[in-house]
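1. build me a model:
(one chain, ligands or ions: 1)
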Amino acid sequence: MNGERDLRIVRRTTAAQGVVLLDLERPDGDGLPMWTPGAHVDVLLPDGLGERQYSLCGDPAERVRWRIGVLREAAGRGGSAWLHDRSEGDVLRVRGPRNHFAFQPRPGREYLFVAGGIGITPISAMVQAADRAGVAWRLVYAGRSRGTMALLDELVGRHGDRVQVFAGDEGRRADVQALLDAAPDAVVYCCGPSRLIEAVQQAGAGRGSGHLHLERFEARQLEAPVWTEPFEVELLLSGTTVTVPPDRSILEVVEEQGVLALASCRVGTCGTCETPIVDGVIDHRDSVLSPEEQDDDFAMMICVSRAACPRIVLEL
Ligand code: FES
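-> The predicted model follows:
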């Protein structure tokens, strides 16, 4: 259900210290759904380990094989370690793909890609698409050391000095403000740790609408909610109304009522719980939607976002 399928690991390669690339195919060899750069899949893990999101980082034109890059997170909850211990031939349960970080190269546009660490995975697919489309682009790739930076040799080997490398152990730190100032007309796509995302967000604050696209893989720091009282949520499709107290999420309350709501990360980073808004003012607190998308009030992530008024209506 919900686009879930079993996929076999047909190739497992070490891409950098602590990073493996897993190539996945259907056991019957049939084609996989199409995807676009920036898309990710959910990998469903056994033994109560939950789910994890991984960006697709292969070639979108490849129809029978997907590739994900997995960083072993020493301080993680065990999911990435479990995936690292898989071998070729093992089968993973995978849902998706979905894309909240979509990239579509447009003729005449200029692009600046900024990747930090494992954030290179969605960006590498964008680089490939930009290059194929013949648009102007540059990549800034930052990491702790070259040995920890997945796909580095491949990117530098193929694209030369279009790729600017900042390895921390070489004493090179990216001056994000200067890098963005040097490309004032570029559309910026950035994926990486919070510190990098925040630096790019700050440096790119004056850019026009649609010129700054960020993907966080860590939840952003949540501020106090706008509306601090309980609020009502009318669930249009379920024909019921629930009351959400200040200390609970909409997702928790609707699940308790037996309403089917998809969810994965539960911290506002994956987009699985995206729910269309019918009416009401929303306090968007997710790390998925762009500021423009949040202003549109078309959909919300019900695991973290809340009402900013006494009553909202959702298509759920
Ligand atoms: Fe991941 Fe809500 S469950 S954004």
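2. can you give me the strands in the stretch 1-150 of the chain?
-> Secondary structure of the stretch 1-150 of the chain by DSSP state E, counting those that start in this stretch: the strands cover 4-16, 19-25, 40-44, 51-55, 65-71, 91-98, 110-116, 136-143.
3. which residues does residue 70 bridge with?
-> Beta-bridge partners for residue 70, by DSSP bridges, are residue 20.
4. burial count for it?
-> 25 (other CB atoms under 10 Å). Every C-beta, even on glycine, is put in place using the N, C-alpha and C of the backbone.
5. gap between it and residue 278?
-> From residue 70 across to residue 278, the span is 38 Å (CB to CB, to the nearest Å).
6. if we can go back for a sec, switch the strands of the stretch 1-150 of the chain over to TSV; also include distance to residue 294 and mean pLDDT.
-> Formatted as TSV, the strands of the stretch 1-150 of the chain follow (distance: least, CB to CB, whole Å; pLDDT from 0 to 100):
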stretch	distance to residue 294	mean pLDDT
strand 4-16	29	96
strand 19-25	32	97
strand 40-44	20	93
strand 51-55	20	92
strand 65-71	28	96
strand 91-98	18	94
strand 110-116	21	97
strand 136-143	26	97
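7. now tabulate those in TSV and tack on distance to residue 212.
-> Below are the strands of the stretch 1-150 of the chain laid out as TSV (distance: least, CB to CB, whole Å):
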stretch	distance to residue 212
strand 4-16	27
strand 19-25	27
strand 40-44	20
strand 51-55	19
strand 65-71	24
strand 91-98	21
strand 110-116	10
strand 136-143	14
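8. tell me which of those lies nearest to the ligand.
-> Closest to the ligand of these is strand 51-55 (CB to the nearest ligand atom; 7.9 Å).
9. near the ligand, anything from that closest one?
-> No: judged by CB under 6 Å from any ligand atom, strand 51-55 stays clear of the ligand, getting no closer than 7.9 Å.
10. flag every residue of this structure that's near the ligand.
-> 263-266, 268-273, 286, 288, 301, 303.
11. could you redo the last one with a cut-off of 8 Å?
-> Applying CB under 8 Å from any ligand atom, we find that the chain lies next to the ligand at 53, 251, 262-274, 286-288, 301-304.
12. out of these, list just those in strands.
-> 53, 274, 301 (DSSP state E).
13. of those residues, closest to residue 137?
-> residue 53 (25.0 Å; CB to CB).
14. let me know the helix or strand that the residue most central in space within the chain is in.
-> Taking CA atoms, centre = their mean, the centroid of the chain lies closest to residue 215, which sits 5.2 Å from it. Secondary structure from DSSP states H and E places residue 215 in strand 212-216.
15. got the angle for that strand vs strand 110-116?
-> 20 degrees (axes from the mean of the first three to the mean of the last three CA atoms, to 10 degrees).
16. what's the very next helix or strand once past strand 212-216 in contact with?
-> Tracing the chain past strand 212-216, the next element assigned as helix or strand by DSSP H and E is strand 231-235. Contacts of strand 231-235 with the rest of the structure, by CB atoms under 8 Å, 6 or more residues apart in numbering, involve 240-244, 250, 253-254, 259, 278, 306-307, 309-314, 316.
17. residue 183 is nearest to which of the strands of the stretch 1-150 of the chain?
-> Per CB to CB, nearest to residue 183 of those: strand 110-116, 4.7 Å.
18. partners of that closest one in the sheet?
-> Applying DSSP bridges, one finds strand 110-116 paired with strand 136-143 (parallel), strand 187-192 (parallel).
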